[in-house]
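**Student:** need a 3D model of the following:
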Amino acid sequence: MKKLFLSAVTAFFMVSAYAQTDVNMGIIPAPVSVQKGSGSFVFDKSVVLLSNNPKNAKIAETLQSFAATKGLNLKIVKAATATQKVIELTSVGANQLPDEGYQIKITSNKIKLIGKDAGLFYALQSFMQLMPDKKHVGAISVSNVEINDYPRFSYRGLHLDVGRHFFPLSFIKKYIDVMATYKLNNFHWHLTEDQGWRIEIKKYPKLTEIGSSRNGTIIGVFPGSGGTDNEVYKGYYTQAEAKEIVAYAAARYINVIPEIELPGHGSAAIAAYPQLSSFPDRDTPIKEGAPWSGPRTGKQVQQTWGVFDDIFVPSEYTFEFLQNVLDEVIAIFPSKYIHIGGDEAPKKYWKESEFCQQLIKEKGLKDEHELQSYFIQRIEKYLNGKGRSIIGWDEILEGGLAPNATVMSWRGEKGGIEAAKQSHDVLMTPSTNGLYFDHKQSLAEDEPLTIGRNGKGVSNFAKVYNYNPVPDVLNEEQKKYIKGVQANLWTEYIETPSKVEYMIFPRVFALSEIAWTPLAKKDLKNFSEERLSLHLARLDKTGTNFWVPMPIGQPEGEVKGEDHVITLQTPITGAKIFYTLDGFRPSENAAEYTAPLKINVPQGKKKVLKTIVITPSGKRSVVAETVLNNGAAEVKVK
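**Tutor:** Numbers count the residues shown, from 1 in each chain. Okay, the predicted model is just below:
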């Protein structure tokens, strides 16, 4: 059992010692209440771990294993003497706490973690984060404190698209470990796409025999810089593997929500079973301007990105197919929610289909949008009958919302606002507010290839942090329908686990705080200057990839004037800042920043300050530029 949580512990929990000035004691997400006391609890050989409730055994074993990484042999006992120094795990009194809430009470003689189920698990996460990041040398002390904490939202989600690019089971577990560390509790697993069907369905073996494999992948930015690579790309998860992930996540109090896309984004399924199309004999549609290296006959798993016209036909065959698929899905995933997509479903084929037009007349529908609503509502009714509820992207509002549907608002906040006004539960995940983690993190030229280009779709951790998922335009009653927030990671341009890490860190830290921490407690300065640097420093030691922030305090864009004093701060504990003023790209061979820069710019001239941050392990930030202009011609700053 000790190994159950240890991978998460060793990889992500052992954060550097918190700064004594940090009111949140280094914890991400920031707790509701932190009240520091005088004195400290000193760890030594006499400390024991008191846990007498069998339900808490796994958490006790995890804490014991964590203590061992600090050089401490923490013995688990069921009773302790009055004179012993103890760390106590208890659920006594937890019924008076909010859902998922916990308390940490540290005095000179005792550390007490109070919570039930997820609450006690989250107490453990916070406790391990506030522990100093060093091994036992004589003794380790932790400041006396009382922490009272509970989440702002019941739904705190992170999404991963495995349709465009497939990731091994070991990395899915690592992804879940990250979520557990930072108190995210819903893993949205996007399993089916135009470019690949990734979950085994035993009744329909062709879904994985044919639908999980494409004959090439687009090269470069869509519509492509060189066609496709003509290399077979494939992969899927067996039902046994999916169940393994469900169990792994459940042990960390994370719910796994599968997404089976319908009626759009179904090219992989249609390639396997063409009768799912309005036109089974029609060639695979190819996006205008897209390169194509394969034959143009028959149905194919898509090799390029984008939205495709060939969507599921609303026939009895299709509904039987989807119901059979969903039967196997719900047997794997115990989640109350099943995500059914519902987004980006072009109506071209439905408009051209004699069958679809006749169905619209028979059902008394106005148009193809109402036909989609009919499609969604029929699936919803089936899943409701199985005791499940649907989540759909905000397009499911079009043509009329299914009665019990939860809306995931991605095209800005408009869909979520409308759904809340209709008394439907809403999960906010707007691409316009920084919650699409596939977007680039700066406008610097050396950002890697992402889906956001030409200045569009930039999302850094500050933008994520500043987002409030509850729109002000809603009244107090309507605001109750905002159940949570989620960030999405689409993988058209994310081919490897390392790049996934680069794209989620450090933005996932900001996500956890807007999902958990009360609005009034949020503080970007404390987050970015006190806590973020510590957590990134820990990642730097574990070999995890991440986006290195630019120096704190560097002005953005153009600054006018003759004399400038620029004070910088490293964004990561232990990192160094190097800079140039000569127009060349900075590296470790440039001048190292050690004190505020005093820069004089002659009249009619300009200077460009370029900086780079280099971490102790050698990771580098993008190059940040500030134009210091004293009357020179206007310049366009990238």
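**Student:** quick check: residue 217 touching residue 227?
**Tutor:** No - between residue 217 and residue 227 there is no contact under C-beta atoms under 8 Å: 10.2 Å. From N, CA and C alone the C-beta is placed, and that goes for glycine too.
**Student:** mind listing what residue 39 touches?
**Tutor:** Applying C-beta atoms under 8 Å, 6 or more residues apart in numbering to residue 39 gives the contacts 107, 108, 143, 144.
**Student:** run the last query once more with 7 Å
**Tutor:** 108, 144 (C-beta atoms under 7 Å, 6 or more residues apart in numbering).
**Student:** all strands of the stretch 301-450 of the chain, in order?
**Tutor:** Ranges of strands in the stretch 301-450 of the chain, per DSSP state E, counting those that start in this stretch, are 337-341, 389-393, 406-409, 426-428.
**Student:** same for the third one, what does it pack against?
**Tutor:** In this case it means strand 406-409. strand 389-393, helix 414-421, strand 426-428 (3 or more C-beta pairs under 7 Å, 6 or more residues apart in numbering; DSSP states H and E).
**Student:** of all these, which one is nearest residue 181?
**Tutor:** strand 426-428 (21.4 Å; C-beta to C-beta).
**Student:** which strands or helices does the closest one pack on?
**Tutor:** Strand 426-428 packs on strand 406-409, helix 414-421, strand 482-487, going by 3+ C-beta pairs under 7 Å, 6+ apart.
**Student:** quick one: buried residues of the longest one?
**Tutor:** Of the residues in helix 414-421, those with enough neighbours to count as buried (16 or more other C-beta atoms under 10 Å) are 415, 416, 417, 418, 419, 420.
**Student:** likewise for the last one?
**Tutor:** Residues of strand 482-487 classed as buried: 482, 484, 485, 486, 487 (neighbour count, 16+ other C-beta under 10 Å).
**Student:** pLDDT below threshold where in the stretch 401-550 of the chain?
**Tutor:** Filtered on pLDDT under 70, the stretch 401-550 of the chain yields the residue ranges 452-456.
**Student:** please redo it, this time with the cut-off set to 90
**Tutor:** 401-404, 445, 451-458, 543 (pLDDT under 90).
**Student:** burial count for residue 348?
**Tutor:** 14 (other C-beta atoms under 10 Å).
**Student:** quick revisit: between residue 217 and residue 227, which is the more surrounded one?
**Tutor:** Neighbour count, other C-beta under 10 Å: between residue 217 and residue 227, residue 217 has more, with 21 against 17.
**Student:** show me the contacts for residue 438.
**Tutor:** Here residue 438 is in contact with 450, 451, 489, 490, 493, 494, 503 (C-beta under 7 Å, 6+ apart).
**Student:** go on, residue 628?
**Tutor:** With C-beta under 7 Å, 6+ apart as the criterion, the residues that contact residue 628 are 559, 564, 599, 601, 606, 607, 609.
**Student:** could I get the average pLDDT for the helix or strand containing the fifth one?
**Tutor:** When you say that, I think you mean residue 606. According to DSSP states H and E, residue 606 maps onto strand 605-614. The average pLDDT for strand 605-614 rounds to 97.
**Student:** that strand packs against which elements?
**Tutor:** strand 576-580, strand 624-630.
**Student:** the next helix or strand after the first one pairs with which strands?
**Tutor:** In other words, strand 576-580. Per DSSP H and E, the first helix or strand lying C-terminal to strand 576-580 is strand 591-592. In the sheet, strand 591-592 lines up against strand 576-580 (antiparallel) (DSSP bridges).
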